[in-house]
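Chemist: Predicted model follows, preceded by the sequence.
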Amino acid sequence: MIWQECKDLGFDIVELGTDFLEMEEAELMRLIRLVKNAGLQVKPEVAFETGRPPLLPDYTGKPQKVWREAEELEMLMKRAERCLDAGADMIMVEAQGLTGGSTPWRTDILADIIGRLGLERTMFEAHDPNVIEWFLNNYGPKVNLFVNHSDILEVENLRSGKRGTPRYISL
């Protein structure tokens with residue numbers, strides 16, 4: 001099975017990128033259990049976009065379902081909690097939709113996610129140096145960040161405090 005192949009290649013964590021793959025929740029929970037039963041850690045990914053424009057009527061003239069940020073965030077949080085209950089070791093959160101595409105940054109939503117799931121059970125995918133620095137300045141050196149390999153040295157320098165004083169980003 002593929003999970004054994006992952007182990008044989010030296011992998012110990014499987015990320016389930018559910019942010020771009022439409023998947024029924026029952027199937028996601030089944031995959032989490034399969035990965036865990038294979039002796040691997042599992043980390044489903046969730047993504048949240050802010051500031052989506054309202055939907056226009058469809059070709060029949062009927063209005064489409066209106067996007068409601070609070071409802072979508074609550075659905076995302078409940079799904080993440082169910083993943084953790086099913087055995088997921090950590091939840092990967094795509095930070096881009098909360099920082100890169102929104103002005104101002106939606107740090108309130110990031111704080112809600114951390115407050116609800118816990119800092120130790122969340123990892124943030126952060127590709128922008130300013131976002132990385134913001135996380136480290138606001139949540140400390142133990143915040144779990146998934147970064148580009150070219151940013152690792154800078155991240156570790158910021159974590160250790162060996163490189164100057166951190167600058168704070170005003171949002």
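Modeler: That came through fine.
Chemist: Return the set of buried residues in the strand ranked longest in the chain.
Modeler: Under DSSP state E, the strand in the chain containing the largest number of residues is strand 41-47. Judged by neighbour count (16 or more other Cβ atoms under 10 Å), strand 41-47 contains these buried residues: 42, 43, 44, 45, 46, 47. Yep, even glycine has a C-beta here, placed from its N, CA and C like the rest.
Chemist: and which of these is nearest residue 133?
Modeler: Proximity of those to residue 133 was ranked by Cβ to Cβ; the top entry is residue 47 with 21.5 Å.
Chemist: Isn't the closest one up against residue 97?
Modeler: Yes. Shown here, residue 47 and residue 97 form a contact pair, counting by Cβ atoms under 8 Å, at 5.7 Å.
Chemist: Next SSE downstream of the helix or strand hosting residue 6?
Modeler: Assessed by DSSP states H and E, residue 6 sits inside helix 2-8. Scanning forward in sequence from helix 2-8 by DSSP H and E, the next helix or strand is strand 13-16.
Chemist: partner strands of that following strand, parallel or antiparallel?
Modeler: Listed by DSSP bridges, the sheet partners of strand 13-16 and their directions read strand 41-47 (parallel).
Chemist: just for the chain, where's the confidence low?
Modeler: Along the chain, the parts satisfying pLDDT under 70 run over 1, 19-21, 49-67, 101-103, 163-171.
Chemist: Can you list phi and psi of the residue most central in space within it for me?
Modeler: Residue closest to the average C-alpha location in the chain (Cα atoms, centre = their mean): residue 93, at 0.5 Å. Per-residue torsions, residue 93: phi -120, psi 120 (degrees, to the nearest 10).
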